[in-house]
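Novice: Generate a structure from the sequence data that follows.
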Amino acid sequence: MAVALVVHRVADYDAWRKVYDSVADMQKEGGVTQESVHRMVDDPNNILVIHHFNDVETAKAFFGREDLRDALQRSGVQGEPRVELFE
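Specialist: Model (predicted):
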């Protein structure tokens, strides 16, 4: 099993969340088996997303997807997301 922690800042959480929710099928297709979203207590536009995958290779392939990059851009992510993979 692999776990991905993704940390990023967004311009507007509600706008980001609409795009995030709209790509649920992309997540399933990309191998996400479980997901959760968390907001920083003192900064609600600072987001932590946790995705679970069956293996690291699937996780790496998911984060390399062009349609994922497009969704990040549309959702108002500011800067480059920090993605950390764990086994």
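
Novice: Residue 79 is in contact with residue 8, isn't it?
Specialist: Yes: with contact defined as C-beta atoms under 8 Å, residue 79 reaches residue 8; the gap is 7.0 Å. Placement of C-beta: from N, CA and C, glycine included.

Novice: And the two? Which one has more around it.
Specialist: Using other C-beta atoms under 10 Å as the criterion, residue 79 and residue 8 rank with residue 8 on top: 20 against 7.

Novice: give the contact list for the more buried one.
Specialist: Going by C-beta atoms under 8 Å, 6 or more residues apart in numbering, residue 8 touches 46-47, 49, 72, 77-82.

Novice: Can you list which of those residues are found in helices?
Specialist: residue 72 (DSSP state H).

Novice: Could I have the buried ones of the contacts of residue 8 as ChimeraX selection syntax?
Specialist: Remark: buried members of these, expressed as a ChimeraX selection using 16 or more other C-beta atoms under 10 Å:
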select :46,47,49,72,77,81
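
Novice: Residue 39 is in contact with residue 49, correct?
Specialist: No: counting by C-beta under 8 Å, residue 49 sits too far from residue 39 to count as a contact (10.4 Å).

Novice: For residue 20, the count of nearby residues, please.
Specialist: Neighbours around residue 20, by other C-beta under 10 Å: 20.

Novice: now what about the helix or strand encompassing residue 18, what contacts it?
Specialist: If you go by DSSP states H and E, residue 18 is part of helix 13-22. Here helix 13-22 makes contact (C-beta under 8 Å, 6+ apart) with 10, 37, 39, 44-45, 47, 49, 71, 74-77.
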